[in-house]
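> Below are the sequence and a predicted model for it; my questions follow.
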Amino acid sequence: MSLSTRILIGLGLGLSGGIVYSLIDLPALHLLPVLIEPVGALWVNGIRMTVIPLLMSLLITAIAGQSNTGGVAQLGTKTLGLFVVMIICACLYTLLLAPFFLSLLDIDPADSKALLAVTHTDKFNGTDLPPFRDWLVDLVPANPFRAMANNALLSLMVFTGLFAASLLHIAEPQRVLIVSFFEAIKAAMFVLIRWIMLLAPIGIFALVFPLAATLGVTIINLLGSFILIGCGLIFVMTLLLYPTAAILGRIPLVQFTKIVAPVQVIGFSTRSSLAALPATFAATKALDISDKVAGVVLPIAVSLFKFSSPIARTAGTYFVAHIYGIELHFFELFVIAAAIGLFSFYSPGIPSGGLLIMAPVYVSLGLPVAGIGILIAIDLIVDMFITASNVTANITAAALLSRDER
């Protein structure tokens with residue numbers, strides 16, 4: 001049985017088992033989710049511990065491991081350009097479809113009041129969001145080791161990229177020595193990742209079971225409608241990536257579907273593109289994408305590129321306006337989509353950071369900032385679809401940028 005099949009079985013057992021548990025509600029089993037949850041957390045920690053050394057070794061060997069510096073710079077420029085184009089497509093897609101589907105919701109004012117009454121809007125605190133000035137300054141880390149310890153990934157990648165570029169200007173024996181060192185680290189990380197992935201079905205089950213046991217089949221009508229629309233928009237946009245990879249990336253559709261599925265399951269379960277990164281690298285290898293391309297594209301992707309985040313966040317903003325009875329004209333809809341698309345490249349490493357960055361948009365357009373609390377309340381489910389879509393987009397981007405080489 002393939003790893004993909006075993007991972008999907010783990011996901012199915014976790015979902016079905018959790019829902020059955022929520023329906024049975026036996027007091028004797030009330031500790032079951034509490035006992036299972038740490039297993040999933042341990043598995044995720046096992047993946048996360050490989051991420052930083054893997055990222056650094058891949059980026060260093062991709063840049064310093066070749067003499068063609070112009071080729072690396074050109075690839076980096078193409079990567080950023082492709083990411084901008086894909087974000088623009090996601091924003092236009094949401095602008096065209098989200099307002100129509102949300103207008104179909106028949107919202108009872110009483111439902112809106114009840115929802116706002118139970119929404120913990122105090123979760124939003126402006127002091128939690130670092131100012132843009134601080135984010136910009138911190139792009140160049142004063143202490144790379146502190147950036148590593150704090151998981152400041154974008155800052156760490158800036159340092160790593162500069163360090164790798166500097167290796168191209170030292171004596172050849174010294175450069176080869178350092179590159180060989182990081183090649184060995186990369187090889188060791190892939191071995192460790194293979195060991196961890198053998199436990200993926202158990203880890204996925206342990207992550208999904210407590211969530212399904214908590215949520216059960218209870219869905220609040222209003223929030224459930226938005227979740228269906230938001231996740232549906234993300235799902236359809238994700239499906240469009242398949243023909244993109246097949247036609248423009250020249251990868252057989254069946255092969256792409258099989259190889260991407262395990263990465264999507266991990267992204268869906270962990271809600272972390274970083275946690276799915278080892279599996280993403282494994283997928284690029286299986287698709288015959290070279291380490292040179294993957295080593296440049298994927299570190300930039302997990303640091304900056306949030307393909308489906310603008311879809312969910314823009315649709316969420318339209319939803320908040322709708323439930324508050326605020327009419328948005330096309331220009332305002334366009335401004336929201338454009339601003340959130342731009343802000344998606346700046347996502348703080350804090351819980352619901354992708355939501356908190358929308359506060360300036362709300363203030364500037366007169367939308368109630370308290371509405372962010374509503375989106376935070378359902379972010380757990382929506383974020384699963386966002387992450388699964390993001391990792392698919394990362395692999396698609398690597399396929400497009402490696403097409404000529406393959």
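Sure thing, it's come through.

> if I pick G232, what's in contact with it?
When contacts are counted by CB atoms under 8 Å, 6 or more residues apart in numbering, G232 is found next to F101. (Each C-beta comes from the backbone N, C-alpha and C, glycine too.)

> how close does it get to L241?
Separation of G232 from L241 (CB to CB, to the nearest Å) stands at 16 Å.

> and what of F385?
As judged by CB to CB, F385 and L241 stand 13 Å apart.

> and what of N151?
Using CB to CB, which is the criterion applied here, N151 is 27 Å from L241.

> again, but for P278
Between P278 and L241 the distance is 21 Å, computed by CB to CB.

> Also P53?
For P53, the distance to L241 - CB to CB - is 29 Å.

> quick one, what contacts the residue positioned nearest the centre of the chain?
Centrality entry for the chain: nearest residue to the mean C-alpha point is T387, 3.6 Å, by CA atoms, centre = their mean. When contacts are counted by CB under 8 Å, 6+ apart, T387 touches 267-268, 270-273, 276.

> Where does the prediction get shaky in the stretch 51-200 of the chain?
Applying pLDDT under 70 to the stretch 51-200 of the chain picks out residues 66-72, 107-132, 135.

> Break down it into its helices, ranges please.
69-103, 109-118, 132-137, 144-149, 153-167, 172-197, 200-215 (DSSP state H, counting those that start in this stretch).

> Mean neighbour count, these: which tops it?
helix 200-215 (a mean of 22; mean count of other CB atoms under 10 Å).

> Against which helices or strands is that one packed?
Other elements packing on helix 200-215 under the criterion 3 or more CB pairs under 8 Å, 6 or more residues apart in numbering; DSSP states H and E are helix 3-24, helix 32-64, helix 253-270.

> Name the next helix or strand downstream of the last one, please.
Toward the C-terminal end, the helix or strand that comes next after helix 253-270 (DSSP states H and E) is helix 277-286.

> what distance separates the next helix-or-strand element following that following helix from the middle of the whole chain?
Read in the C-terminal direction, the helix or strand following helix 277-286 is helix 291-304, with elements assigned using DSSP H and E. If you compare the mean C-alpha spot of helix 291-304 with that of the full chain, they lie 14 Å apart, counting by CA atoms, centre = their mean, to the nearest Å.

> Can you give the contact residues for helix 291-304?
Helix 291-304 is contacted by residues 55, 58-59, 61-63, 65-66, 72, 75-76, 79-80, 83, 153-154, 157, 160, 186, 273-274, 277, 280-281, 284-285, 345, 393-394, 397-398, 401-402, 405 when judged by CB under 8 Å, 6+ apart.

> Now with 6 Å, please.
The set of residues external to helix 291-304 that reach it, using CB atoms under 6 Å, 6 or more residues apart in numbering, is 55, 58-59, 62, 75-76, 79, 153-154, 157, 273-274, 277, 284, 345, 394, 398, 401-402.

> Next up, the contacts around L400.
Applying CB under 6 Å, 6+ apart, one finds that L400 lies in contact with 248-249.

> follow-up on the earlier one: tell me which of the helices and strands packed on helix 200-215 is the most buried.
If you average neighbours per stretch using mean count of other CB under 10 Å, then among those it is helix 253-270 that wins, with a mean of 21.

> Name the SS class of P368, please.
Using DSSP: H, G, I helix; E, B strand; the rest coil as the criterion, the local structure at P368 reads coil.

> H329 versus that one, what's the distance?
To H329, P368 is 18 Å away according to CB to CB.

> Neighbour count for those two, which is higher?
Regarding P368 and H329, a neighbour count based on other CB atoms under 10 Å identifies P368 as having more, with 17 against 8.

> okay, N151 and L241: which has more neighbours?
The residue with more neighbours, out of N151 and L241, is L241; 22 against 13, by other CB under 10 Å.

> excluding its backbone neighbours, what's nearest that one?
Spatially, and ignoring its direct neighbours in sequence, L241 is nearest to T396 (4.6 Å; CB to CB, 6 or more residues apart in numbering).

> ok, now which ones touch that neighbour?
Listed by CB under 6 Å, 6+ apart, the contact set of T396 reads 241, 244-245.

> cool, I395 as well?
Listed by CB under 6 Å, 6+ apart, the contact set of I395 reads 260, 283.

> Centre of the chain to the helix or strand hosting F385, how far?
With the criterion set as DSSP H and E, the secondary-structure element containing F385 is helix 379-401. Between the mean C-alpha point of helix 379-401 and the mean C-alpha point of its chain there is a distance of 6 Å (CA atoms, centre = their mean).

> what does stretch 295-312 give?
Taking CA atoms, centre = their mean, one finds the center of stretch 295-312 at 7 Å from the center of the full chain.

> Then stretch 288-298?
The chain centroid and the centroid of stretch 288-298 are separated by 18 Å under CA atoms, centre = their mean.

> Just the CA coordinates for it, please, in PDB.
Backbone C-alpha positions of stretch 288-298 (Å, rounded to 0.1, in the frame of the first residue of the first chain) are rendered in PDB as follows:
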ATOM      1  CA  ASP A 288      11.800  15.500 -11.700                       C
ATOM      2  CA  ILE A 289      12.100  19.100 -10.600                       C
ATOM      3  CA  SER A 290      15.800  19.800 -10.000                       C
ATOM      4  CA  ASP A 291      17.200  20.800  -6.600                       C
ATOM      5  CA  LYS A 292      18.500  24.000  -8.200                       C
ATOM      6  CA  VAL A 293      14.900  25.100  -9.000                       C
ATOM      7  CA  ALA A 294      13.200  23.700  -5.900                       C
ATOM      8  CA  GLY A 295      16.000  25.100  -3.600                       C
ATOM      9  CA  VAL A 296      15.300  28.600  -4.800                       C
ATOM     10  CA  VAL A 297      11.500  28.500  -5.500                       C
ATOM     11  CA  LEU A 298      10.200  26.700  -2.400                       C
END
